[in-house]
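Asker: just the structure for this:
(one chain, ligands or ions: 1)
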Amino acid sequence: MKNSRMSTRSIWAGERDYLAFGATQVPVVHSVSFGYDDMDEWFEVAIGNKEGHIYGRNTNPTVQAFEDKIRILEGAEAATSFSTGMAAISNTLSTFLVPGDRIVSIKDTYGGTNKIFSEFLPKNNVNVVLCETGNHEEIEKEVAKGCKILYLETPTNPTVKITDIKRMVKAAKTVGALVIVDNTFATPINQNPLTLGADLVIHSATKFLGGHADALGGAVCGPKELVETIYHYREINGATLDPMAAYLLLRGMKTLKLRIDKQNENALAVARYLKSVPEVEDVFYPGLEAHRGHDIAKQQMRGFGGMLSFSVKGGMETVRHLLPKLHFANRAANLGAVETIVGPARTTSHVECTPEERKALGIPEGLVRYSAGIEDIEDLIEDLEQAFVSLPKHLVNN
Ligand SMILES: *Cc1c(COP(=O)(O)O)cnc(C)c1O
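Answerer: Presented below is the predicted three-dimensional model:
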């Protein structure tokens with residue numbers, strides 16, 4: 001794997017070590033336990049002196065193959081997995097944070113993450129400071145006051161704001177804070193936070209990694225010492241990835257590079273097209289030169305990702321007419337699948353927020369989140385064209 005490239009890695013990483021019976025595909029091991037006739041060998045495996053499996057809540061071969069694949073794609077020393085992306089996030093935070101600790105993050109994190117920051121951590125007496133996303137000076141100032149964790153997500157959901165990872169790592173190192181980056185939107189194809197200096201990278205594997213919207217999962221990658229601590233928390237608390245889900249994610253990840261290249265391309269083309277549509281007020285995509293984070297994105301990302309968002313004239317009323325007209329898009333809450341997916345931010349990423357909270361976050365009520373699929377780009381644009389043409393004129397004539 002050492003000198004291989006991303007497409008080769010997507011296909012081959014984590015596969016060969018887990019084959020049995022001459023199978024060319026990783027078997028789905030459903031067994032919840034692993035038996036031993038030799039009591040001494042059983043003991044050695046149980047205390048970690050010998051490789052092997054004991055019980056499915058701890059480890060499982062199919063799950064380990066998934067962990068290997070994401071670990072190699074992120075260029076990490078170790079990886080562990082979870083039942084969902086939110087389990088990866090909450091377990092990681094719970095592993096390190098104790099009452100009295102301070103954590104610095106941004107206002108635009110994923111809705112569920114934001115709920116952990118606003119609802120659950122404060123209950124446990126953890127001091128949470130949320131800075132304006134993209135305001136690097138503010139984050140630096142808050143980090144300099146001291147914190148245990150600097151938690152970032154870039155690009156963010158749904159307005160795809162960009163944070164300079166290298167610069168934030170530098171600030172965090174001066175106070176000895178751990179830097180955790182949610183890399184779900186970028187994927188390891190477009191961005192590797194660990195090579196930019198971050199300590200841990202988190203994924204919702206449910207999205208681009210799996211890519212087919214048929215399996216939930218999460219992962220954390222980083223140095224062995226940190227990942228082992230997180231793994232220990234997870235093996236006891238039980239948010240384990242199911243072997244069948246691990247298999248589906250593994251299979252999906254074989255085409256990760258192919259899919260992401262196409263999604264990068266489609267998202268950029270759709271963003272450029274939307275810029276030219278009179279009914280569209282604003283387009284948010286880091287690949288557009290006018291985007292506030294474009295220069296940073298160009299430095300730290302190899303591609304700008306499959307996610308964009310746009311706001312329309314006439315707000316939610318227009319969205320209500322527009323989205324049902326699309327033939328080649330699911331109207332749904334997920335993202336990162338082979339199919340294009342659309343949804344209003346107020347019912348997807350930020351459904352947990354009140355209208356006031358969304359306004360404070362700079363999320364217009366008529367904002368549409370657009371997850372570009374791998375369809376032919378001509379079809380995606382023609383589909384949008386016919387949907388815009390069909391809008392009642394009174395909605396957008398201002
Ligand atoms: C979806 C998502 C999550 C949560 O992942 P689940 O698998 O749904 O629990 C976390 N972060 C980001 C950026 C996401 O898009």
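
Asker: buried residues in the lowest-mean-pLDDT helix or strand in the chain?
Answerer: Every helix and strand in the chain was compared by mean pLDDT, DSSP states H and E; the lowest is helix 355-360, with a mean of 80. Buried residues in helix 355-360, defined by neighbour count with 16 or more other C-beta atoms under 10 Å: Arg358. Quick note: C-beta positions are derived from backbone N, CA and C, even for glycine.

Asker: after that helix, which helix or strand is next?
Answerer: Next helix or strand after helix 355-360 toward the C-terminus (DSSP states H and E): strand 367-371.

Asker: and the ligand, is that next one touching that?
Answerer: No: Strand 367-371 lies out of reach of the ligand by C-beta under 6 Å from any ligand atom, never closer than 9.6 Å.

Asker: now do the next helix or strand after that strand against strand 367-371, angle only.
Answerer: In the C-terminal direction, the helix or strand that comes right after strand 367-371 (DSSP H and E) is helix 377-389. Helix 377-389 and strand 367-371 are oriented at 160 degrees to each other (axes from the mean of the first three to the mean of the last three C-alpha atoms, to 10 degrees).

Asker: what lies in contact with helix 377-389?
Answerer: By C-beta atoms under 8 Å, 6 or more residues apart in numbering, the residues outside helix 377-389 that reach it are 265-266, 269-270, 273-274, 277, 279, 322-323, 325-329, 340, 372-373.

Asker: one step back: and the least confident helix or strand of the chain, C-alpha only, in CSV?
Answerer: The C-alpha trace of helix 355-360 is given here as CSV (Å, rounded to 0.1, in the frame of the first residue of the first chain):
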residue,chain,number,x,y,z
PRO,A,355,-35.8,29.9,12.9
GLU,A,356,-34.0,32.4,15.1
GLU,A,357,-31.0,30.1,15.6
ARG,A,358,-30.8,29.5,11.9
LYS,A,359,-30.9,33.2,11.2
ALA,A,360,-28.1,33.7,13.7
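
Asker: domains in the protein, by residue range?
Answerer: In the domain annotation for the chain, the residue ranges read 6-253, 256-396 (automatic domain parsing).

Asker: ok now the longest one, how far from the chain's centre?
Answerer: Averaging C-alpha positions (C-alpha atoms, centre = their mean, to the nearest Å) puts domain 6-253 10 Å from its chain's average.

Asker: what's the end-to-end length of that domain?
Answerer: Length of domain 6-253, first residue to last, C-alpha to C-alpha, to the nearest Å: 11 Å.

Asker: and for stretch 347-359?
Answerer: Terminal residues of stretch 347-359 lie 14 Å apart, using C-alpha to C-alpha.

Asker: any bit of it sitting next to the ligand?
Answerer: No: judged by C-beta under 6 Å from any ligand atom, stretch 347-359 and the ligand are separated, with a smallest distance of 7.3 Å.

Asker: for the residue in the chain that the ligand sits nearest to, give me its contacts.
Answerer: In the chain, the residue that lies nearest the ligand is Gly85 (2.3 Å; C-beta to the nearest ligand atom). Residues counted as contacts of Gly85 (C-beta under 8 Å, 6+ apart) are 110, 184, 202-207, 216-218.

Asker: verify the contact between Leu361 and Cys353 for me.
Answerer: Yes: using C-beta atoms under 8 Å, Leu361 is in contact with Cys353, at 7.1 Å.
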